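Enquirer: okay, here's the prediction I keep looking at, along with the sequence it came from:
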Amino acid sequence: MKKPIRVAVTGAAGNIGYSLLFRIAAGDMFGPDQPVILQMLEITPALSALKGVAMELEDCAFPLLYDMVLTDDPNVAFRDANWALLVGAKPRGKGQERKDLIRDNGPIFVGQGRALNENAAADIRVVVVGNPANTNALIAMSNAPDIPNERFTAMTRLDHNRAINQVAKKAGVHVTDVQRIIIWGNHSATQVPDITHALVKGQPAPQVINDDEWVRNEFIPTVQQRGRAIIEARGHSSAASAANALIDHVRSWALGTPEGDWVSMAVPSHLGDYGIPEGVIFSYPVVCKDGNYEVVNGLEHPDWVKPLIERTAQELLEEREAIKDLLNP
Ligand SMILES: NC(=O)c1ccc[n+]([C@@H]2O[C@H](COP(=O)([O-])OP(=O)(O)OC[C@H]3O[C@@H](n4cnc5c(N)ncnc54)[C@H](O)[C@@H]3O)[C@@H](O)[C@H]2O)c1
Ligand SMILES: O=C(O)C[C@H](O)C(=O)O
């Protein structure tokens, strides 16, 4: 039997957690022959709810679920962890932007960054989901000086998957016919969903779609505002689709991206050659292999896309300024 992977999940009794944990335990994240140990972190008042989730996990009798840890102490949750999925944070409500959460949620990632630094396994890889995800990832990274920066990522895979769906619907093809979508920048309303380099059934997407007006005035705003639309419709922020995107993000990173395709991940900005200021977590196209990722560099932006990219980078600088006291000096 393979050695179990230790997966720390924060906010494990929350909405995303409830969609996520069962799929990890079922093998969706690391494959059908990879045992896992779930190390679940919650705040103290939610430990009883977490116990209930753990009872349900037990009742599934998952063959791959080797052990569980339930705790309100990040040092325990991250001990020897190979993966840390940082979900636990407040979601926004109707009428809020994700960055409105920054002063509530940012401090969580100071303590968790430190606890990761002190306790995690040498091969730790981190994905931040709690919003505002990019800047929270920056906070965690900055407070974990002994962990290589490139191990800290934030999730823009939900935006990526949303974009694939919009393009597939518009082109009248199946989602598997759409490749090389890109989300640039922040997981926020300034993100830049980009089909410039995308393929539909192997053909250039802009030519197949042949509708610039749709790309600029429907596709981009729809993807940018999809999180808000879900909150308006459901009364709660996306949960199952977010958990699914997190499964995809980790699976791609751990097991690799298919030949000829790429995925979007928010990673330390210095890894890209697109002129983005250093010191923010920026979503780029990446290819993954053997547990590593590489930014796809050297793509040309059309002129009308350049100011959009500048704007999302600027927003990340503003978010960084708003939490600069939480960064490790
Ligand atoms: N990046 C993305 O694409 C994306 C998508 C969906 C949601 N989100 C974000 O994910 C976060 C979680 O969403 P949700 O719907 O699961 O929220 P939720 O309120 O249902 O669950 C959050 C859980 O986190 C726990 N928590 C709070 N502080 C914690 C801490 N310090 N340590 C450990 N646990 C803590 C809470 O007790 C709660 O159980 C939100 O910030 C939401 O905005 C991001
Ligand atoms: O929009 C939100 O606040 C939740 C999440 O970030 C999403 O994109 O669905």
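Expert: Received it, and whenever you're ready, just let me know what you need. Ligands and ions are numbered 1, 2, ... in the order given.
Enquirer: please count neighbours and contacts with C-alpha atoms only from this point.
Expert: Noted.
Enquirer: just checking, residue 284 touches residue 270?
Expert: No. Between residue 284 and residue 270 there is no contact under CA atoms under 8 Å: 11.0 Å.
Enquirer: and these two? Which one has more around it.
Expert: Set residue 284 next to residue 270 and count neighbours by other CA atoms under 10 Å: residue 284 wins out with 27 against 16.
Enquirer: next SSE after the helix or strand harbouring that one?
Expert: Secondary structure assigned from DSSP states H and E places residue 284 in strand 281-289. Per DSSP H and E, the first helix or strand lying C-terminal to strand 281-289 is strand 292-295.
Enquirer: tell me what that following strand is packed against?
Expert: Contact analysis of strand 292-295 by 3 or more CA pairs under 8 Å, 6 or more residues apart in numbering; DSSP states H and E lists helix 240-255, strand 281-289 as its packing neighbours.
Enquirer: that strand pairs with which strands, and in what direction?
Expert: Using DSSP bridges, the strands paired with strand 292-295 in its sheet are strand 281-289 (antiparallel).
Enquirer: got the angle for the partner strand vs helix 240-255?
Expert: What separates the directions of strand 281-289 and helix 240-255 is an angle of 50 degrees, with axes from the mean of the first three to the mean of the last three CA atoms, to 10 degrees.
Enquirer: now strand 281-289: buried residues?
Expert: 281-288 (16 or more other CA atoms under 10 Å).
Enquirer: so which of those residues is the closest to ligand 2?
Expert: Distance ranking of the buried residues of strand 281-289 against ligand 2, using CA to the nearest ligand atom, places residue 283 first at 13.9 Å.
Enquirer: count the neighbours of residue 117 for me.
Expert: Applying other CA under 10 Å, we find 22 residues neighbouring residue 117.
Enquirer: in the stretch 101-250 of the chain, which residue sits closest to ligand 1?
Expert: Taking CA to the nearest ligand atom, the stretch 101-250 of the chain has residue 130 as its residue nearest ligand 1, at 3.6 Å.
Enquirer: flag every residue of this protein that's near ligand 1.
Expert: 10-11, 13-17, 41-43, 46, 87-92, 108, 129-131, 133, 155-156, 158, 237-239, 242 (CA under 6 Å from any ligand atom).
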